[in-house]
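Engineer: here is the input, now give the coordinates:
(2 chains)
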Amino acid sequence: MNPKERIAGIRRVLGKEDVRSLARRYFVANGFDGTLTSIGVVLGAFMGGNVDNGLAVIGIGLGAAIGLGTSGIWSVWEIERAETSRELVQLESAMMTSLEDTQLTRDFRNEQIVLALAAASGPVIGVVVTLIPFLFEGVFLSMFQAVLLSIGLGVLLLAGVGAYMGLISKQRWYVAAIRMGLAGIVVAVISIFLPG
Amino acid sequence: MPTIRRVVLDILKPHEPKLATFTEKLSESEEIDGVTSKLVDIEEDVRTIRVTIEGEDLDMDTLEAKISDLSGSIHSVDEVSCGEYIVEDAWLTDR
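Structural biologist: Numbers count the residues shown, from 1 in each chain, chains lettered A, B, ... in the order given. Below you'll find the predicted structure:
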């Protein structure tokens, strides 16, 4: 399949509500993991006292982003591959014919790509956004200010995702935003009171 | 040379692609002038559809390949019209 056909195929599966819904779930669930992990990493690095410059925090954070992103793409790829293989066997049995290299199997593969990318991009975005203040540490932010701003950005990101989910589920968006944002504050508080 | 102008096929397909997508994709073939699909039966994993295809010069092998590519499987060829024009069969249309 050439890149043009692949893009057209991905656009086609993105038109399916069930694919969009699953991609949203993976993106939000893994993005939640990524953002909270980043808040924990940032506070851990700062409270530990061994990290004295922003670039070091970015390095640690990016390590977490790579780990979580790889975990997202790998696990979802394998999960979806197993699920679609099972579905395919069931369908082939019902149709009494092979469905190899058909529109259906191509769509399955494109769905796998979309879902794996959604699962990987969530945590990477979550981590990268919360690391942005450390780019300015030593320029016009102190380490303490960068940590505070990082936590603030993480909480805002979580609240933004919560508000979006509240809107699409026709609930009160601000309640969903507060519920999600609160998780960031809880992680920050726990990290502060952790021994060491 | 006699040409196939219309075929009516009984096709088994999974729930995906949807009937509209399946029909639309099928009609994109150059040799096909028009397609009408009708849902006949729904089972747990598959659907049976009746597809009427018209064109100036239809080729059964090409049609079968296109339908297979769309994840469909031809169960039976229920009607075929060949020649200069389509002869409507009163027995078929009255049913």
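Engineer: who's in contact with whichever strand or helix holds A:R12?
Structural biologist: Here A:R12 sits within helix A:3-14, counting by DSSP states H and E. Residues from elsewhere that reach helix A:3-14 (Cβ atoms under 8 Å, 6 or more residues apart in numbering or on different chains): A:M1, A:V19, A:R20, A:R106, A:D107, A:R109, A:N110, A:E111, A:I113, A:V114. (Glycine included, C-beta is placed from N, CA and C.)
Engineer: now with 6 Å, please.
Structural biologist: Around helix A:3-14, the neighbours that count as contacts under Cβ atoms under 6 Å, 6 or more residues apart in numbering or on different chains are A:V19, A:R106, A:D107, A:N110, A:E111, A:V114.
Engineer: got it, and stretch A:48-68?
Structural biologist: The contact list for stretch A:48-68 (Cβ under 6 Å, 6+ apart) reads A:G34, A:T37, A:S38, A:V41, A:A45, A:P123, A:V124, A:V127, A:L131, A:F134, A:E137, A:A146.
Engineer: name the element residue 79 belongs to?
Structural biologist: In the absence of a named chain, chain A is used. helix A:54-95.
Engineer: I was thinking of chain B, sorry if that wasn't clear
Structural biologist: Using DSSP H and E, B:E79 falls in strand B:73-82.
Engineer: for stretch A:103-114, buried residues please.
Structural biologist: Across stretch A:103-114, burial judged by 16 or more other Cβ atoms under 10 Å in any protein chain shown covers A:Q103, A:L104, A:T105, A:R106, A:D107, A:F108, A:R109, A:N110, A:E111, A:Q112, A:I113, A:V114.
Engineer: please disregard the earlier target; I meant stretch A:114-121.
Structural biologist: Within stretch A:114-121, the residues that count as buried by 16+ other Cβ under 10 Å are A:V114, A:L115, A:A116, A:L117, A:A118, A:A119, A:A120, A:S121.
Engineer: spatially central, which residue of the chain would that be?
Structural biologist: You didn't pick a chain, so chain A it is. Central residue check for chain A by Cα atoms, centre = their mean: the C-alpha nearest the mean position is that of A:G122, 1.7 Å away.
Engineer: my bad, the chain I had in mind was chain B
Structural biologist: B:V51 (3.5 Å).
Engineer: I'd assumed that one was in a strand, is it?
Structural biologist: Yes: using DSSP: H, G, I helix; E, B strand; the rest coil, the assignment for B:V51 is a strand.
Engineer: so it makes contact with B:D10?
Structural biologist: No: contact criterion Cβ atoms under 6 Å: B:V51 and B:D10 do not qualify, at 8.1 Å.
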